[in-house]
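Enquirer: Test case, fold it:
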Amino acid sequence: MEKLRSQHPIEMDQSSKQTVTFKVSLESTEQEVTAAYLVMGDGPVVLLLHGFLCEASYWSRVTQHLQGHYRCICLDLLGFGDSSRPEIDYTVESQVVFVQQFLHTLAVDCCYLMGHSLGGWVAASYALQTNSLLGLILVAPAGMAEDLLRFQVLRPLSWQTPVIDSLLAVLSPFAFLCQQSDFMKMLNFYRQQLRFEPVMQAWCRRIFKLETSTELLSQDIERLRWPTLIIAGEADQIIPLWHCQAYARKIPGAQLEVIDGADHFLPRRHGELISAFCHHFMQNK
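Expert: Predicted structure coming up:
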């Protein structure tokens, strides 16, 4: 169950977030949405996109080292953090459109784009569509291939019946006795996400139907021509090393850096090293 662990951190004062509101066409419907983001530093713009079930502050241990050289903008993706939660399917394309309109609203014409996990998938998809980008940095990016069947274990947690909540409550004391309290906390976290968070509900609904496989980048990514750095965790069980190696092999001229013994939570656990890789890449691309 390590693969299903929450990535959500509490690391930064959320009162420092700024917001901007704009209209955007999402899945054939024009909507007014709010984008929440953190901004720090000065210099060339680096837009950072977090992974699934995270938000902008997940990058804090990276940006604290980059902000002396770059203007770091950490965006809450649509449906996460303090950004809007519209009733949509939350496709990768919807996130790309959201990012495009966010940059347009902030009058950012060109930037470095950096994404982790789901954010890497969105960043790579954005890079395939844009005509202006300084460089692309993918940190353990999703989107090359997805083992969707392993997420089927979440299906019972999505059932809208109080029986599931009662069952979890009954199991909690036994989990404590078996030293599995963290596991129960994880199950309860996912239960709450699946009950109340539109983005989690939409993603799992599409995953259960294996619909997200149509958005994979395994073929299109070969068209990418921007300078690209890929950072992988050698012991990542969520986005395994071979996944990042496939990205590096398919993107012309891509650089690959592998952090020995590192798991999937790279921005949180290896912020200084990631920032060093990024700074070197941006200075020498």
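
Enquirer: count of neighbours near residue 177?
Expert: Neighbour count for residue 177, taken as other CB atoms under 10 Å: 9. C-beta here means a position set from N, CA and C on the backbone, and glycine is covered the same way.

Enquirer: neighbours of residue 227, just the number please.
Expert: Using other CB under 10 Å, residue 227 has 18 neighbouring residues.

Enquirer: Which parts of the stretch 1-150 of the chain are helices?
Expert: Taking DSSP state H, counting those that start in this stretch as the criterion, the stretch 1-150 of the chain contains helices spanning 60-66, 92-105, 118-129.

Enquirer: Output the first one as CSV, nothing but the C-alphas.
Expert: This means helix 60-66. What follows is helix 60-66, C-alpha atoms only, in CSV (Å, rounded to 0.1, in the frame of the first residue of the first chain):
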residue,chain,number,x,y,z
SER,A,60,8.7,24.7,-0.6
ARG,A,61,11.9,22.7,-0.1
VAL,A,62,12.8,23.2,-3.8
THR,A,63,11.9,26.9,-4.1
GLN,A,64,13.8,28.0,-1.0
HIS,A,65,16.9,27.2,-2.9
LEU,A,66,15.8,28.5,-6.3
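
Enquirer: For it, which residues meet the burial criterion?
Expert: 60, 61, 62, 63, 64, 65, 66 (16 or more other CB atoms under 10 Å).

Enquirer: Closest one to residue 191 out of the residues you listed, please.
Expert: residue 60 (27.5 Å; CB to CB).

Enquirer: now that closest one: how far from residue 92?
Expert: 25 Å (CB to CB, to the nearest Å).

Enquirer: before we move on, what about residue 104?
Expert: Taking CB to CB, one finds residue 104 at 19 Å from residue 92.

Enquirer: Now do residue 74: how many residues are near it, please.
Expert: 27.

Enquirer: contacting residues for the nearest residue to it once chain neighbours are set aside?
Expert: Leaving aside its chain neighbours, residue 74 sits nearest to residue 56 (3.8 Å; criterion: CB to CB, 6 or more residues apart in numbering). Applying CB atoms under 8 Å, 6 or more residues apart in numbering to residue 56 gives the contacts 12, 17, 36, 37, 38, 48, 50, 74, 75, 76, 81.

Enquirer: So what's the residue count around residue 130?
Expert: Quick note: residue 130 (other CB under 10 Å) scores 17 neighbours.

Enquirer: list the contacts for it?
Expert: Contacts of residue 130 (CB under 8 Å, 6+ apart): residue 100.

Enquirer: what comes up buried for stretch 176-192?
Expert: Applying 16+ other CB under 10 Å to stretch 176-192 flags 180, 184, 186, 187, 188, 189, 190, 191 as buried.

Enquirer: my bad, should have said stretch 249-257
Expert: For stretch 249-257, the neighbour count (16+ other CB under 10 Å) marks 250, 251, 254, 255, 256, 257 as buried.

Enquirer: average pLDDT for the helix or strand containing the last one?
Expert: In other words, residue 257. Here residue 257 sits within strand 255-259, counting by DSSP states H and E. The average of the pLDDT scores along strand 255-259 is 98.

Enquirer: outside of that strand, which residues touch it?
Expert: For strand 255-259, the surrounding residues in contact (CB under 8 Å, 6+ apart) are 228-234, 241, 244-245, 248, 266, 270, 273, 277, 281.

Enquirer: can you do 10 Å?
Expert: With CB atoms under 10 Å, 6 or more residues apart in numbering as the contact definition, strand 255-259 has outside contacts at 137-140, 227-236, 241, 244-245, 247-249, 266, 269-270, 273-274, 276-278, 280-281, 284-285.

Enquirer: the bottom helix or strand of this protein by mean pLDDT?
Expert: helix 198-208 (a mean of 79; mean pLDDT, DSSP states H and E).

Enquirer: Read off the pLDDT value for the residue nearest to residue 74.
Expert: 98.

Enquirer: Likewise for residue 76?
Expert: Reported pLDDT for residue 76: 98.

Enquirer: Is it correct that it is in contact with residue 83?
Expert: Yes - with contact defined as CB atoms under 10 Å, residue 76 reaches residue 83; the gap is 4.0 Å.
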